[in-house]
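A.B. asks: Dropping a prediction and its sequence here:
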Amino acid sequence: MPLYSLGNLTPKVPSQDRYWVAPDAHVIGQVEIGEDVGIWFGAVLRGDNEPIVVGERTNIQEGVMIHTDPRFPVTIGTGCTIGHHAIVHGCTIGD
């Protein structure tokens, strides 16, 4: 499973049958994934500075990079689509 702790920061995910992460995607550190989320091939969610929160039924497509900076977390709302190869950095999308 491509979920990685970074120091004491560990991804929070729903029960195993309520989300999907592609085998070559990377979910790292302080990342919270809602139910029925899909994280597709080559996507990287790196929560090393601030949290990343992904709302329910959101689709993170191939090659997406999501990252934070100090004082700039990422929140992605419910039912959002983040399109192929998008870079999402320290912002709020949806809801």
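C.D. replies: Looks like it came in fine. Residues are numbered from 1 along each chain as shown.

A.B. asks: contacts, neighbours, all on C-alpha from now
C.D. replies: Fine.

A.B. asks: All the strands of this structure, residue numbers only.
C.D. replies: Using DSSP state E, the strands of the chain run over residues 3-4, 19-21, 26-33, 37-39, 44-54, 59-60, 65-67, 74-76, 81-82, 87-89, 92-93.

A.B. asks: Quick one: closest of the ones you listed to Val13.
C.D. replies: Checking those against Val13 by Cα to Cα gives strand 26-33 as the closest, at 5.1 Å.

A.B. asks: what does that closest one rub up against?
C.D. replies: For strand 26-33, contacts defined as Cα atoms under 8 Å, 6 or more residues apart in numbering pick out 2-14, 19, 42-48, 50-56.

A.B. asks: could you dump the strands of the chain to TSV with mean neighbour count and mean pLDDT?
C.D. replies: Output for these, formatted as TSV (neighbours: other Cα atoms under 10 Å; pLDDT from 0 to 100):
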stretch	mean neighbour count	mean pLDDT
strand 3-4	17	96
strand 19-21	18	97
strand 26-33	23	98
strand 37-39	23	98
strand 44-54	23	98
strand 59-60	24	98
strand 65-67	21	99
strand 74-76	22	99
strand 81-82	18	98
strand 87-89	16	98
strand 92-93	14	98
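
A.B. asks: Could you count how many residues lie near Asp95?
C.D. replies: Residues within reach of Asp95, counting by other Cα atoms under 10 Å, total 10.

A.B. asks: Kindly report the same for Ala43.
C.D. replies: Ala43 has 24 nearby residues by other Cα under 10 Å.
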